[in-house]
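> Structure for this input, please:
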Amino acid sequence: MTVPSKFSFLIASLLLWFGGEAAQAYDSPNLDFKIVDTDALMLPKNELESVVEALNAVACNFPDSPLIDDDLKEKALSLALALDPLNVNSRNAHHKLLNDRPPEKTAFFQSSVSEVAEKLWASASRMSGKNSEPESRKLALYLEELSLTLHPGPPIDRVKQFDRRVDGDDQNWGKFLKLQPKENPSGARLKKLFSDAKSNKPVKVAVVEKPPRKDKEAASAPVKKEEAPKVPDKKPEPPKKTDDSLDVKISEVEIPFIAKISAPIRTGMISGVASLDVGKAGKSDESLFGVAPGVSEEQAYEMRLIPNPRGFQIEGLEEAESLIRKSYPKWPERKLAEVQFDTSQVPRSPRRLASADMSVAAGLLLEAAFSGKTLVDGIVYSGQVTTISDDGKASFALGDQLGEVLEQAREGDAGYILVPESEFDALVAGAISTRKLEYLFDPQIISYSSWDQLKDTAFGGGTEERAAASEEFKKIQAVQDQMSLIALSRNEKVRERLDQIIEKYPQHLSAKIMLAFGAAPDDPKALLQEAIQKVDLAVEPFIFKIAGAVDEGNPSTLSFEELKPILEESDRALLALQSQILPEVRNYLYQAKEVLNAVKNLASTSSNTSSIAIQRFEAVKKTFGDLQLERTALGLDRIE
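Presented below is the predicted three-dimensional model:
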């Protein structure tokens, strides 16, 4: 769920407090008091919005209801503003009531107080399950109390359940509200409900005296008793399923996916499995249905796309639904489609604090569920929907962690990774700057540039052409022991083969990247970095053997017999580099050779504790220090 920042909350608080002095009846809640920790609430975005609008309806939509007094309005708005400090309806209602003016009615929950009460109870029930977070259960108790107080005739088992859960404790409304000094009808009614429930008396439909109107004509009019609206025997039936309402053909489906995980500490790309599970909605899910913000009347009872409550928070579900609605405008009724991302790379405990972008994955999973088609094997998927234009065309990207995506793809056994075509320039730039082409082969990179192309690839389009292109590309990889991949990318015959691969399968991004790399001029910085890395690889085996002894100033920890074969191997590697090294790295290579010779001289002594060994060790320390200085001159980190 998206929660407003502390800064936006402060702005909202200032705006609301500027509304003027409190009227005699309605007092402003303490907006600085943290009623619940919204960051810890595991609520889908649409349900959070629906709860807020139900609370707004208490303050706005029933000015003549005998069941709603000023205390109830204060309680409802305090919760609404705590959940969404920038909600326009909440702010407007608060401002109007502070200035003793009636707030405008909202567009939601206008039919009856009973509807609001049922909505709040259903949402509270969903928040108070055994696996719910403490903050969700805390909010649930506030909503349950409001529901019972608002309901004209709440079921006695609800009253008993609530009474057991609070166990005689009040809700501490006084910590953030100024309730009326004299008990209002809502407070008296709640007490009466508890008393009747304990004595097993049936809860009567509320009959509350309505206070007199403030206008002069009504000043002497007798106070009438109004009976609260009767509780309907059952909820209104949803619209009947029409012929063009499609049901899903596959209720469970999953795909390998590399997702962008956003967490308080870091954001990164992680491989795992994205899944969709479609099932019937239960009684506790009723709050998800009905007209709500962003939900049209036609879709009020259609299947809801929601995150699995036990996993990551899921982003991108609205974008996924927008993609699918083009092909499947009518969805089955009263069903839930739960989206989940599972990975072994993140422990289960902190997952509620992190979110995974599933816009692309959820779109593909829904397409599979509705169409009944099978997703092809051997492809790991990636990408996010960045924008959807007015004509329904989607744009895709990977974000800033392109290198992480490719590293994650290499961890698995898929033959291909499917990425947005928009990443082509970044991939070429990465290849030029690192002078590494190995990542193009296992797995091979293929691309998509539109939603239609993504679907076509995922469900089997171009399979034969892709397989043929893949085999040709593997032949290039097979000869890298004869010629480096960089040299191969510039070889004319290889470049002709790359052109043929792209002509055969235009989505083969690996071939496109290798072709572009071979045509690009060398990057001087990349060449320098590559030359330094070659020297480092040559000396690394023995350097890390002696670094600790140099720090301690004592050669007695070294095993000369173990060092000798390593030194011979490094000597051969440095000798091979002398004829091809860049001038800028020549001093670094020379100094590495000096360290090697000093260590070889040390290792030729018979004992690592003899006086001659200690004498020769001084030369090792001196040359090693000079190597460290040369590294500093090249802008490299010291060897630790």
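> ok, residue 507 - contacts?
Residue 507 makes contact with 421, 446, 447, 448, 453, 457, 462, 466, according to C-beta atoms under 8 Å, 6 or more residues apart in numbering. No exception for glycine: its C-beta is placed from N, CA and C like everyone else's.
> switch the cut-off to 10 Å
Going by C-beta atoms under 10 Å, 6 or more residues apart in numbering, residue 507 touches 416, 418, 421, 445-449, 453, 456-457, 461-462, 465-466, 469.
> Check residue 558 too.
545, 546, 548, 549, 550, 599, 602, 603, 608, 613, 617, 620.
> swap in residue 248?
Neighbouring residues of residue 248 by C-beta under 10 Å, 6+ apart: 276, 278-279, 303, 328, 331-332, 335, 337, 366, 368-372.
> That one and residue 83, how far apart?
From residue 248 across to residue 83, the span is 32 Å (C-beta to C-beta, to the nearest Å).
> Can I get the buried part of the contacts of residue 558 as one PyMOL selection?
To isolate the buried members of the contacts of residue 558 in PyMOL, using 16 or more other C-beta atoms under 10 Å:
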select buried, resi 545+546+549+550+599+602+603+608+613+617+620
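> Mind checking which of the contacts of residue 558 are in strands?
Judged by DSSP state E, strands contain none of these.
> which one of the contacts of residue 558 is nearest residue 62?
Among those, residue 548 lies closest to residue 62 (C-beta to C-beta), at 77.3 Å.
> The nearest residue to the closest one once chain neighbours are set aside - how many residues pack around it?
Leaving out its chain neighbours, the residue that sits closest to residue 548 by C-beta to C-beta, 6 or more residues apart in numbering is residue 557, at 6.8 Å. Neighbouring residues of residue 557 were enumerated by other C-beta atoms under 10 Å; the total is 11.
> Okay, and residue 605 sits in which element?
According to DSSP states H and E, residue 605 maps onto no helix or strand at all.
> where does it sit relative to residue 617, distance-wise?
Distance, residue 605 to residue 617, using C-beta to C-beta: 9 Å.
> repeat for residue 271
48 Å.
> returning to that earlier point: looking at the contacts of residue 248, which are in helices?
Of the contacts of residue 248, the ones assigned to helices by DSSP state H are 366, 368, 369, 370, 371.
> So which of these wins on neighbours?
Highest neighbour count within those: residue 366, with 27 neighbours (other C-beta under 10 Å).
> returning to that earlier point: ok, the ones in helices among the contacts of residue 248 vs residue 487, which is closest?
residue 368 (43.3 Å).
> Not counting its neighbours along the chain, what's nearest that closest one?
residue 253 (4.6 Å).
> May I see the contacts of residue 558 organised as TSV, with distance to residue 579 and pLDDT added?
Compiled in TSV, the contacts of residue 558 are given as follows (distance: C-beta to C-beta, whole Å; pLDDT from 0 to 100):
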residue	distance to residue 579	pLDDT
545	27	82
546	27	84
548	33	82
549	32	83
550	30	84
599	23	88
602	28	89
603	27	88
608	35	85
613	34	88
617	32	89
620	27	88
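> In helices, which of the contacts of residue 558 appear?
Short answer: these in helices (DSSP H) are 545, 546, 548, 549, 550, 599, 602, 603, 613, 617, 620.
> Need those residues in a markdown table (columns: distance to residue 387).
Shown next, in a markdown table, are these (distance: C-beta to C-beta, whole Å):
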| residue | distance to residue 387 |
| --- | --- |
| 545 | 54 |
| 546 | 56 |
| 548 | 54 |
| 549 | 58 |
| 550 | 56 |
| 599 | 59 |
| 602 | 64 |
| 603 | 63 |
| 613 | 69 |
| 617 | 64 |
| 620 | 60 |
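> Please identify which of these is nearest to residue 28.
residue 548 (66.4 Å).
> if I read this right, residue 254 contacts residue 277, doesn't it?
Yes. Judged on C-beta atoms under 10 Å, residue 254 makes contact with residue 277 at a distance of 9.1 Å.
> Now residue 96: closest residue in space, sequence neighbours ignored.
Here the nearest residue to residue 96 in space, its sequence neighbours aside, is residue 103; by C-beta to C-beta, 6+ apart that works out to 4.1 Å.
> OK, contacts around the one you found?
Applying C-beta under 10 Å, 6+ apart to residue 103 gives the contacts 56, 59-61, 63, 73, 77, 89-90, 92-97.
> Can you give me the distance of residue 44 to residue 309?
Shown here: residue 44 relative to residue 309, a distance of 8 Å by C-beta to C-beta.
> Please enumerate the shared neighbours of those two.
Residues touching both residue 44 and residue 309 by C-beta under 10 Å, 6+ apart: residue 126.
> so where's the stretch 251-400 of the chain shaky on pLDDT?
Residue ranges of the stretch 251-400 of the chain with pLDDT under 70: 264-266, 292-294, 346-353, 399-400.
> At which residues are the strands of it located?
With strands called from DSSP state E, counting those that start in this stretch, the stretch 251-400 of the chain shows them at 252-262, 267-280, 304-307, 313-315, 335-342, 355-357, 379-382, 384-388, 394-397.
> Which one of the ones you listed lies nearest to residue 155?
strand 267-280 (23.4 Å).
> Residue 339: neighbour count?
So residue 339, with other C-beta under 10 Å, has 24 neighbours.
> And for residue 451?
By other C-beta under 10 Å, 24 other residues sit near residue 451.
> Who are the contact partners of residue 384?
Applying C-beta under 10 Å, 6+ apart, we find residue 384 in contact with 259-260, 315-316, 319, 357-361, 395-399, 420.
> again, but for residue 570
Contacts of residue 570 (C-beta under 10 Å, 6+ apart): 537-543, 592-593, 595-596, 599-600.
> what do you get for residue 375?
Contacts for residue 375 were tallied using C-beta under 10 Å, 6+ apart; they are 253-256, 364-365, 367-368, 381, 457-460.
> Tell me how many other residues surround residue 455.
If you count neighbours by other C-beta under 10 Å, residue 455 ends up with 19.
> helix/strand/coil for it?
Here residue 455 is recorded as helix under DSSP: H, G, I helix; E, B strand; the rest coil.
> Leaving out chain neighbours, which residue sits closest to it?
residue 367 (5.8 Å).
> Residue 541 now?
Nearest non-adjacent residue to residue 541, counting by C-beta to C-beta, 6+ apart: residue 566, 4.8 Å away.
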